[in-house]
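Asks: fold the following for me, if possible:
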Amino acid sequence: MVYFITFKYIPMYGVTIAFKEFNMFQGIMNSPWVGFDAFREIFLMKDFYKVLRNTMLLNLLDLVVSFPAPIILAIFLNEIRIKWFKKGAQTILYLPHFISWVIIGGMVYQLLATNTGLVNIIIRSAEMKAIPFLTEPVYWVITYVGSGVWQSAGWGTIIYLAALTSINKELYEAADVDGAGRLRKIWDITIPGIKPTIIILLIINIGHMASIGFERPFVMSNPLVTDVSDVISTFVYKVGILSARFTIATAIGLFQAVVGLIFLLSSNYISKKVTDQGIW
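Replies: Numbering: from 1, shown residues only. Next up is the predicted model:
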């Protein structure tokens, strides 16, 4: 409670900057009110709709590709019976989570750069045409999503493996007696057993559809793919922070929060109606 009050609720007072012509020398209290002028300016920016589209698209692709990955990995790991191999696999899968996106970005460039990347060097050595992983928009999006799966999937399995331990083992024993195979047990026991966890995490992820981290798109972006790589977080950095337009930056942040709240409430409502399960 102390943490959330100190670092989440008290700083919310700074949201008023979105409705003021903020001057750092005058402070938040003494800066003049401008109402919704900042929001009008944002919605008149052509680039804003581009970065909003990119943010939604990349988050949607992450949701479709990255969200199921830890579920599948957790089920595979749960089926491994050799303990030392299972623990080793878990450790290897967790490790990418602890690597910063700056380092991952460097690794991606070393491996996938068109002229100097190891992968394209191998491809050209086989007398094939180099693949523009980082310079063509479609390939860049694939690389972006793929690197996200590699970085986060292993760590995401922790929650699902914990959920799997709560499934009654007698259900598997009864399925063995009935002659159920491994795939049938996964489909009829394992997946239904972690269904509440999947739904809750899905709702939370949908709530983050309008927001996106800064490091990943910033590190992996380059001038050749800005049409798909510019997102809200990098837009705030360029327009709001570098230009010292703090009112604009705060207004965009508030817009993200409101849209995220709408997504969260809507997905929770739909989940309650369809599956009778939700966060609250």
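Asks: now do the same contact list for residue 102.
Replies: 215, 219 (C-beta atoms under 8 Å, 6 or more residues apart in numbering). For glycine as for every other residue, the C-beta is placed from the backbone atoms N, C-alpha and C.
Asks: where does the stretch 151-280 of the chain dip in pLDDT?
Replies: 276-280 (pLDDT under 70).
Asks: just the helices from it, written as ranges.
Replies: Taking DSSP state H, counting those that start in this stretch as the test, the helices found in the stretch 151-280 of the chain are 169-177, 182-185, 191-193, 195-207, 215-220, 226-229, 232-235, 246-275.
Asks: can you put those helices in JSON lines and add mean neighbour count and distance to residue 97?
Replies: As requested, the helices of the stretch 151-280 of the chain are arranged in JSON lines below (neighbours: other C-beta atoms under 10 Å; distance: least, C-beta to C-beta, whole Å):
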{"stretch": "helix 169-177", "mean neighbour count": "12", "distance to residue 97": "29"}
{"stretch": "helix 182-185", "mean neighbour count": "12", "distance to residue 97": "28"}
{"stretch": "helix 191-193", "mean neighbour count": "14", "distance to residue 97": "24"}
{"stretch": "helix 195-207", "mean neighbour count": "17", "distance to residue 97": "16"}
{"stretch": "helix 215-220", "mean neighbour count": "19", "distance to residue 97": "13"}
{"stretch": "helix 226-229", "mean neighbour count": "17", "distance to residue 97": "23"}
{"stretch": "helix 232-235", "mean neighbour count": "21", "distance to residue 97": "20"}
{"stretch": "helix 246-275", "mean neighbour count": "17", "distance to residue 97": "23"}
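Asks: so which of the ones you listed is nearest residue 124?
Replies: Minimum separation from residue 124 across the helices of the stretch 151-280 of the chain (C-beta to C-beta) falls at helix 215-220, 22.5 Å.
Asks: could I get the helices of the stretch 151-280 of the chain as TSV with distance to residue 68?
Replies: Formatted as TSV, those follow (distance: least, C-beta to C-beta, whole Å):
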stretch	distance to residue 68
helix 169-177	23
helix 182-185	17
helix 191-193	11
helix 195-207	9
helix 215-220	19
helix 226-229	23
helix 232-235	25
helix 246-275	16
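Asks: which one of those helices lies nearest to residue 37?
Replies: helix 246-275 (8.4 Å).
Asks: any idea how far residue 193 lies from residue 149?
Replies: Going from residue 193 to residue 149 by C-beta to C-beta, to the nearest Å gives 24 Å.
Asks: typo on my end, residue 36
Replies: The gap separating residue 36 from residue 149 is 39 Å, by C-beta to C-beta.
Asks: which one's more surrounded, the two?
Replies: Applying other C-beta atoms under 10 Å to residue 36 and residue 149 shows that residue 149 carries more neighbours, namely 19 against 12.
Asks: what's the helix or strand for that one?
Replies: Residue 149 belongs to helix 137-164 when assigned by DSSP states H and E.
Asks: quick check: buried residues in that helix?
Replies: 139-141, 143-145, 147-154, 156-157, 159-161, 163-164 (16 or more other C-beta atoms under 10 Å).
Asks: centre of the chain to it, how far?
Replies: Between the centre of helix 137-164 and the centre of its chain there are 9 Å (C-alpha atoms, centre = their mean, to the nearest Å).
Asks: stretch 124-143 too?
Replies: Chain-centre distance of stretch 124-143: 24 Å, with C-alpha atoms, centre = their mean.
Asks: likewise stretch 148-165?
Replies: Its chain's C-alpha centre and that of stretch 148-165 lie 14 Å apart, by C-alpha atoms, centre = their mean.
Asks: which residue ranges form the helices in the stretch 1-150 of the chain?
Replies: Secondary structure of the stretch 1-150 of the chain, counting by DSSP H, counting those that start in this stretch: helices at 2-4, 27-30, 37-44, 46-61, 68-79, 83-94, 101-112, 118-125, 137-164.
Asks: got CSV for those, with distance to residue 255 too?
Replies: Formatted as CSV, these follow (distance: least, C-beta to C-beta, whole Å):
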stretch, distance to residue 255
helix 2-4, 23
helix 27-30, 19
helix 37-44, 7
helix 46-61, 9
helix 68-79, 29
helix 83-94, 35
helix 101-112, 24
helix 118-125, 39
helix 137-164, 23
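Asks: the ones you listed: lowest mean pLDDT?
Replies: Of all those, the minimum mean pLDDT falls on helix 27-30 (a mean of 84).
Asks: quick check: buried residues in that helix?
Replies: Under 16+ other C-beta under 10 Å, helix 27-30 has no buried positions.
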